[in-house]
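Student: model the structure of this input:
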Amino acid sequence: MELKRALRISPGMIVAFTGSGGKTSALFTLARELPPPVVLTATTHLGYDQLDRADKVFTIRNPKDLPASEQLQEQPVSLIVGPAGGDWRTTGINEACFQELLYRCQEIGASLLVEADGSRQLPLKAPAFHEPPVPPGVELVVVCAGMLAYQQPLSKNTVHRPEIFAGLSGLKENERITLEAMGKVLSHPEGGLKNIPIGCRKAALLNQADTPELQA
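Tutor: Modelled structure (predicted):
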């Protein structure tokens with residue numbers, strides 16, 4: 001099934017992805033399912049190796065650097081990122097840039113997809129006090145979790161911020177990660193539901209279920 005159908009996403013929507021376990025891949029997959037123009041951006045870091053998945057990348061520092069609406073309309077999938085940071089990653093755009101970008105997308109009817117969390121490419125995560133940076137104005141937040149962590153030990157090799165995950169799930173370090181533990185974190189107000197704007201629709205995406213066992 002297509003993501004746009006599973007998540008009930010219509011063209012022109014503003015959607016944020018949080019959590020872990022294949023957020024960026026899901027975001028780009030969705031971008032190619034939606035009719036153009038589609039604009040992607042991030043309020044957190046994005047790896048350089050992901051940038052070439054867009055048709056055009058724009059690097060900005062402030063709202064004045066944003067491409068004109070006509071430029072966004074010319075590309076099937078545009079990606080807006082902040083300047084280079086450390087570890088071969090870009091930085092996220094700030095709220096002023098996002099609000100101006102949101103206005104331009106609405107002006108041309110473009111879908112706007114936002115990567116609004118970081119997870120160090122691990123299957124699971126729990127948010128720190130400053131996370132996730134979900135910007136105001138989004139209509140749907142998709143909270144992702146990677147099934148690759150199921151039945152794996154709770155450690156820094158499977159979970160970003162394992163100590164916070166342990167506190168929210170009730171598991172101890174190196175205990176096997178259960179579906180119940182994943183569900184507790186996903187549905188916790190300080191876990192998967194953290195920083196979601198009031199009135200915003202929520203959905204969970206269990207990703208990385210690449211075997212019949214994990215799918216079951």
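Student: which helix or strand contains residue 15?
Tutor: strand 14-19 (DSSP states H and E).
Student: so after that strand, what's the next helix or strand?
Tutor: The next secondary structure element downstream of strand 14-19 (using DSSP H and E) turns out to be helix 23-33.
Student: which strands or helices does the next helix or strand after that following helix pack on?
Tutor: Sequence-wise, the next helix or strand downstream of helix 23-33 (DSSP H and E) is strand 38-42. In terms of contact count using 3 or more C-beta pairs under 8 Å, 6 or more residues apart in numbering; DSSP states H and E, strand 38-42 is assigned the packing partners helix 23-33, strand 77-81, helix 95-108, strand 111-115. (Glycine included, C-beta is placed from N, CA and C.)
Student: which of the ones you listed sits closest to residue 64?
Tutor: Among these, the nearest to residue 64 by C-beta to C-beta is helix 95-108 (8.9 Å).
Student: so which bits of that closest one are buried?
Tutor: By neighbour count, and taking 16 or more other C-beta atoms under 10 Å as the criterion, the buried residues in helix 95-108 are 97, 98, 100, 101, 102, 104, 105.
Student: surely the second one meets residue 42?
Tutor: If I follow you right, that is residue 98. No - shown here, residue 98 and residue 42 do not form a contact pair, counting by C-beta atoms under 8 Å, at 9.9 Å.
Student: okay, and the common contacts of these two?
Tutor: Residues touching both residue 98 and residue 42 (C-beta atoms under 8 Å, 6 or more residues apart in numbering): residue 114.
Student: excluding chain neighbours, what is closest to residue 164?
Tutor: residue 126 (3.8 Å; C-beta to C-beta, 6 or more residues apart in numbering).
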